[in-house]
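Student: Quick check, what structure comes out for this input:
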Amino acid sequence: MSQPAIVFAMQPSRTEHVLPDEVLRRLSGIGRLLDPKPLQRFDDERARRLLAQAEILITGWGGPYVGPEILAAAPHLKLIVHAAGTVKGVIDDAIFEAGIPVSHSAEANAVPVAEFTLAAIIFAGKRVFRFRDLYVADRNRNRTHPMQREAIGNYRRTVGIVGASRIGRRVIELLKPFDYRLLLADPTLDAAEAAGLRNGKGRSRRTDAASGHRFPACAVAAVDAAYDRCAKAVADEGRRDARQHGARHSHR
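Tutor: Numbers count the residues shown, from 1 in each chain. Take a look at the predicted model:
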């Protein structure tokens, strides 16, 4: 049985590290790479020649929109693999209606995004950005001494998560080893699902060590009302935290 013909469609300047030589070698073991250079448009002679043979189309950031004309240009197409997050705005509904399977990398892409979010939360709690600005303006540490009267640190800070998406769930998991109070705003969750996330039983479960975390969920049908209530809860918790931190001078 012959290997399927593979064609790439993405912007090389934005996907240089998506398809390194190692990945291309692995792909060449399961399919025929018709051209390692990605297509950036579907309406030129090179694109027409490659698409006429393509069975697998691998798309990515900056690639051309996969519209209904692809069905005629790539009559042998059996699979589209999007090497990035969501396929919204990338793949036309006509592709799904034609029964062509489409995969994406949103789950994998959520990992570095959640990790970046965790770093940003920790840095924000430590006032890293304000310290940076003060040190850039003046290297004298005396300028930062007044900050010692403020609530600096992450111990029992309140963190609000808006949306239990792939990224939101991963951020929740990453926050569990820390002493944070977590608030979740997601009107699509019911009480059982929210409890599952709190107890480490959600789809992205890695540990249930944080089952003692206080984790109220705004799981109601009215989106605006849910978000408004959770926003107020996060703000109220944040104000209480600030007062408590100011009393303890905690620098954990």
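Student: Which helix or strand contains the residue most central in space within the chain?
Tutor: Geometric centre of the chain, nearest residue: residue 110, 3.2 Å, by CA atoms, centre = their mean. Secondary structure assigned from DSSP states H and E places residue 110 in helix 106-125.
Student: just residue 2 next, same as before
Tutor: Going by DSSP H and E, residue 2 is not part of any helix or strand.
Student: how far away is it from residue 32?
Tutor: Noted for residue 2: a distance of 8 Å to residue 32, by CB to CB, to the nearest Å. Backbone N, C-alpha and C define where each C-beta goes, glycine included.
Student: One more: residue 19?
Tutor: 15 Å.
Student: more crowded one of these two?
Tutor: Remark: of residue 19 and residue 32, residue 19 carries more neighbours, 19 against 15, as counted by other CB atoms under 10 Å.
Student: ok, and the closest non-adjacent residue to that one?
Tutor: Nearest residue to residue 19 in three dimensions, chain neighbours excluded: residue 8, at 6.9 Å (CB to CB, 6 or more residues apart in numbering).
Student: Next, the contact list for that neighbour, please.
Tutor: 19, 35, 36, 37, 38, 39, 57, 58, 59, 60 (CB atoms under 8 Å, 6 or more residues apart in numbering).
Student: Ok, residue 137 next?
Tutor: Taking CB under 8 Å, 6+ apart as the criterion, residue 137 is in contact with residue 143.
Student: just residue 111 next, same as before
Tutor: Per CB under 8 Å, 6+ apart, neighbours of residue 111: residue 170.
Student: could you point out where the stretch 151-252 of the chain is predicted with low confidence?
Tutor: 198-252 (pLDDT under 70).
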